[in-house]
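Student: Just need the structure, nothing else, for what follows:
(one chain, ligands or ions: 1)
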Amino acid sequence: MTAAFASNGRLCVGIDPHDGLLAAWGLPVSASGVRDFGLRVVEATTGAAGIVKPQVAFFERFGSAGFAALEEVIAAARAAGLLVIGDVKRGEIGSSMPGYAGAWLEVGGPLEVDALTLNPYLGVADLADTFAAAARVGKGAFVLAATSNPAGASVQAARTADGRPVSRRVLDDVADWNATTGDPFGPIGVVIGATVDLAAAGLGDVARPLPVLAPGFGHQGADTARAREIYGNLSEGVIVSESRSLLSSGPTGIAHAISERAAEVRGTL
Ligand SMILES: O=C(O)c1cc(=O)[nH]c(=O)n1[C@@H]1O[C@H](COP(=O)(O)O)[C@@H](O)[C@H]1O
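Tutor: Numbering: from 1, shown residues only. A predicted model of the protein is given here:
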């Protein structure tokens, strides 16, 4: 992860082709529209930032044509040297997880990404084989711990039997798993929204560093300039992720917007 930060930086550009953005970019709300949108974002990111995160939901809605579009976008990003985080938010009982691991982590597979987002609602232990599958091929995953949406706290701030909030238990389980690999700083990270009050979520005093995918900046209200202040101890692992705040610059303005934000992230983190 340290090497990835050095080569690809710590700004992640979200590829979220909302209907309104497609219209603003002069693209149809269709599989070809999301394909062209994704390819243009990849082109704009190349040379300006090093990580992209396609939001699979916006592709999946077009069925097989949407997945074909996503395959093209992922392939173009990887060919350009960008790291790709598949925002798929998958999570299943352990016996079904190999299906997802095969889909997103298999080397040479059509949807191969460098890391994917995982939902721990069925228990972090049932994700462990997927963590191992990722680690074996030099990939990673980000497990939802404290999400940026206000509704998330209703579950994530609840206390587990030992008194820890769910969000803290998820983070601790991920950090414990990383420790077994001999590389405590990854390969598995957590998602913590920048809109979250870390102290209230039981995350204010984490002593072990780990990768943190950090959405919630820009459109959802958090200020990128405050990233270090928001994440405190966890700042060393933070990847700032922004979608609409960059994508709304339009096809002609986005490359410049990404460059500026990347410089801001470098200066802040
Ligand atoms: O896993 C994510 O990326 C994610 C987690 C979270 O807690 N909050 C969150 O907004 N996201 C994703 O990050 C993106 C945020 O987009 P913007 O609000 O437009 O920057 C969306 O694709 C969300 O699904």
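Student: can we go C-alpha only for contacts and neighbour counts from here?
Tutor: OK.
Student: Tell me, how many residues neighbour the one residue in the chain that gets nearest to the ligand?
Tutor: As assessed by C-alpha to the nearest ligand atom, the ligand sits closest to Thr147 within the chain, at 3.1 Å. Counted by other C-alpha atoms under 10 Å, the residues lying close to Thr147 total 21.
Student: Does it touch Leu198 like I think?
Tutor: No: here Thr147 does not reach Leu198: they are 10.9 Å apart, not a contact under C-alpha atoms under 8 Å.
Student: just to revisit the earlier point, what's the nearest residue to the residue of the chain closest to the ligand if we skip its chain neighbours?
Tutor: Spatially, and ignoring its direct neighbours in sequence, Thr147 is nearest to Gly193 (4.9 Å; C-alpha to C-alpha, 6 or more residues apart in numbering).
Student: what's near enough to touch that neighbour?
Tutor: Ala146, Thr147, Ser148, Asn149, Leu213, Ala214, Pro215, Gly216 (C-alpha atoms under 8 Å, 6 or more residues apart in numbering).
Student: export these to a markdown table and tack on pLDDT?
Tutor: Shown next, in a markdown table, are the contacts of Gly193 (pLDDT from 0 to 100):
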| residue | pLDDT |
| --- | --- |
| Ala146 | 98 |
| Thr147 | 98 |
| Ser148 | 98 |
| Asn149 | 97 |
| Leu213 | 98 |
| Ala214 | 98 |
| Pro215 | 98 |
| Gly216 | 98 |
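Student: wait, does stretch 157-177 contact the ligand?
Tutor: No: applying C-alpha under 6 Å from any ligand atom, one finds stretch 157-177 separated from the ligand by no less than 11.6 Å.
Student: Give me the buried positions along that stretch.
Tutor: 157, 164-172, 174-175, 177 (16 or more other C-alpha atoms under 10 Å).
Student: who does the biggest helix by length in the chain touch, helix- and strand-wise?
Tutor: Ranked by residue count, the top helix of the chain under DSSP state H comes out as helix 250-268. Judged by 3 or more C-alpha pairs under 8 Å, 6 or more residues apart in numbering; DSSP states H and E, helix 250-268 is in contact with strand 11-15, helix 31-45, helix 244-247.
Student: Single out the most deeply packed of the ones you listed.
Tutor: strand 11-15 (a mean of 27; mean count of other C-alpha atoms under 10 Å).
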